[in-house]
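Undergrad: take this sequence and fold it.
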Amino acid sequence: MSGTLRAGSYRDVLLLPSALRTFVPALLGRLSYGLLPLSLLMTVRHSTGSFATAGAAVAVFGISSLSMPYKARLVDRYSQRRVLPFLAAGSSAGLFLISGTPHVAVLLVLVGVTGLLAPPLGPSMRSNWRLLTDGLPLKERAYALDAVAEECLFLGGPLIAGTLIGVFAAPVALACSAALMLVGTLAMVTSPVTTYTAPPAPGRHLLGPLALPGLRRILLVILLTAAGISTAYLCVAAVAQQAGHPGAAGYVEAAIAAGSVVGGILWARRSHTRSPSTHLAALIAVLAAGLLTASVAPGLIPLAAVLGVAGAAVAPLFVVAYLAADTVTPPHQHTEASTWINTANNLGSAAGSATAGVLVQHTTPTWGFLAGGVLLALVALRQARG
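TA: All right, here's what the predicted structure looks like:
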């Protein structure tokens, strides 16, 4: 059997009833997270005069994101319309208050609470896509559209934040992030699909979908893959620093993001019939080949070209992971399972960056690329064997 079939168009997805009135506000709210890291960093630096405190604040917000699966569990149980406005109001209020809080301990506590309340907009929108495409062969196309749009948000978000900081000030950028979060969330929950609640399930497990072996296997693959990918970003920065052009790292990273957008668009042009395990193995193998080739790239431009091509596998990787998570979890756990994919990615990225930092510090970026490539190759091989 052929591995691919023609799929419906993005137009078919966007013309689904309530699709645009749900998706557009969701993107507006999710843009907040694209602005947030830089605007939070610079606002805290402005308030306290310390880059160390600013870095700690960003780390605290990141750690608090580990609560995302449990917020998603509340969304599954009580509906987006009842849960998300409360979370968005609390988190956006915290973002507004941060800029006027110079006391370090109070500020870090406030950042932590703000992160705990941050609404799970991405997983919630994927839950909406499942409802909107129910009974139609459009879910993979919808997930791909969502992944491509998210890549664009995280590519454009820092540019918007940087512009606001340059023209106005960092607190203005943070206030903009807060406003986007609140307005986008409140507009999204006016859609009728956001009233859905998952059917009650007897004997809910404390660990939720983590109790399912199938999901744990997917999460392990994503965690290890994220660890491998994250070595590339740190090594790119090291290569740029050694070349005397540290700012060029941003252009190389933008090439990876652009490759991911293109890859997501191309991936969604067809409906895939092979197993998620096969697709994951192939996509991770592409990333492995990219990192191994990057280890011998002779300069920044070839490096950007190589990683841009490899980046084409990133968005499809997450589309396949979300689809795989849907197949191994019951409907009442789909939203929470989706957030665990993101959490595994974040944890893997943190571990990979830390490990690569130590490796590059004592050797060269070449060895960092090699280590990441070998890790990804081993994951791909194991995944291919089932």
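
Undergrad: hey, let's count contacts and neighbours off CA atoms from now on
TA: Will do.

Undergrad: wasn't A72 part of a helix?
TA: Yes: applying DSSP: H, G, I helix; E, B strand; the rest coil, one finds A72 inside a helix.

Undergrad: got the buried residues for the helix or strand containing T43?
TA: In the assignment (DSSP states H and E), T43 maps to helix 19-48. Judged by neighbour count using 16 or more other Cα atoms under 10 Å, the buried positions of helix 19-48 are 19, 21-23, 25-48.

Undergrad: now find how far off-centre that helix is within its chain.
TA: Counting by Cα atoms, centre = their mean, to the nearest Å, helix 19-48 is centred 13 Å from the centre of its parent chain.

Undergrad: so where is the protein shaky, pLDDT-wise?
TA: 1-8, 199-206, 247, 271, 386 (pLDDT under 70).

Undergrad: show me what the helix holding T43 is packed up against.
TA: Here helix 19-48 touches helix 51-64, helix 121-132, helix 139-167, helix 170-188, going by 3 or more Cα pairs under 8 Å, 6 or more residues apart in numbering; DSSP states H and E.

Undergrad: spit out the contact partners of N128.
TA: N128 sits next to T22, V193, T194 when contact means Cα atoms under 8 Å, 6 or more residues apart in numbering.

Undergrad: L164: which of these is nearest?
TA: Ranked by distance to L164 (Cα to Cα), the contacts of N128 are led by T22 at 27.1 Å.

Undergrad: ok, the closest one - contacts?
TA: T22 touches M125, N128, A187, M188, V189, T190, S191, counting by Cα under 8 Å, 6+ apart.

Undergrad: and if we set it to 7 Å?
TA: Residues in contact with T22, defined by Cα atoms under 7 Å, 6 or more residues apart in numbering, are M188, S191.

Undergrad: tell me the domain boundaries of the protein?
TA: Following automatic domain parsing, the chain resolves into domains at 15-195, 211-384.

Undergrad: picking up where we left off before, what's the most buried one of the helices and strands packed on helix 19-48?
TA: Across the helices and strands packed on helix 19-48, averaging neighbours per residue (mean count of other Cα atoms under 10 Å) puts helix 170-188 on top, at a mean of 24.

Undergrad: between helix 139-167 and that one, find me the angle.
TA: 150 degrees (axes from the mean of the first three to the mean of the last three Cα atoms, to 10 degrees).

Undergrad: past helix 170-188, which element shows up next along the chain?
TA: Per DSSP H and E, the first helix or strand lying C-terminal to helix 170-188 is helix 213-242.

Undergrad: now do that following helix: which elements does it pack against?
TA: helix 248-267, helix 314-328, helix 334-362, helix 365-384 (3 or more Cα pairs under 7 Å, 6 or more residues apart in numbering; DSSP states H and E).

Undergrad: 8 Å instead, please
TA: helix 248-267, helix 276-294, helix 314-328, helix 334-362, helix 365-384.

Undergrad: wait, A93 sits on A178?
TA: Yes: if you go by Cα atoms under 8 Å, A93 and A178 touch, sitting 7.3 Å apart.

Undergrad: could you export the domains of the chain as a markdown table, including distance to S9?
TA: Output for the domains of the chain, formatted as a markdown table (distance: least, Cα to Cα, whole Å):
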| stretch | distance to S9 |
| --- | --- |
| domain 15-195 | 7 |
| domain 211-384 | 7 |
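
Undergrad: so how far is S79 from the residue nearest in space to the middle of the chain?
TA: Note on the chain: the residue nearest the mean C-alpha position is N342, at 5.9 Å, using Cα atoms, centre = their mean. Separation of N342 from S79 (Cα to Cα, to the nearest Å) stands at 20 Å.

Undergrad: and for Y251?
TA: Going from Y251 to S79 by Cα to Cα gives 40 Å.

Undergrad: now swap in Y233 and tell me
TA: Counting by Cα to Cα, the separation of Y233 from S79 is 37 Å.

Undergrad: next: L15.
TA: Distance, L15 to S79, by Cα to Cα: 24 Å.

Undergrad: ok, these two, which is more surrounded?
TA: S79 (20 against 10; other Cα atoms under 10 Å).

Undergrad: and that one, its phi and psi?
TA: phi 90, psi 150 (degrees, to the nearest 10).

Undergrad: for it, which non-adjacent residue is spatially closest?
TA: Leaving out its chain neighbours, the residue that sits closest to S79 by Cα to Cα, 6 or more residues apart in numbering is T197, at 4.8 Å.

Undergrad: figure out which of the helices and strands packed on helix 213-242 is closest to Q242.
TA: From the helices and strands packed on helix 213-242, taking Cα to Cα, the stretch that ends up closest is helix 365-384, at 9.5 Å.

Undergrad: what's next to that closest one, contact-wise?
TA: Contact with helix 365-384 is made by 221, 224-225, 227-229, 231-232, 235-236, 238-239, 277-278, 280-282, 284-285, 287-292, 294-296, 356, 359-360, as judged by Cα under 8 Å, 6+ apart.

Undergrad: can we see that at 7 Å?
TA: Taking Cα under 7 Å, 6+ apart as the rule, helix 365-384 contacts 221, 225, 228-229, 231-232, 235, 238-239, 277-278, 281-282, 284-285, 288-289, 291-292, 294-295, 356, 359-360.
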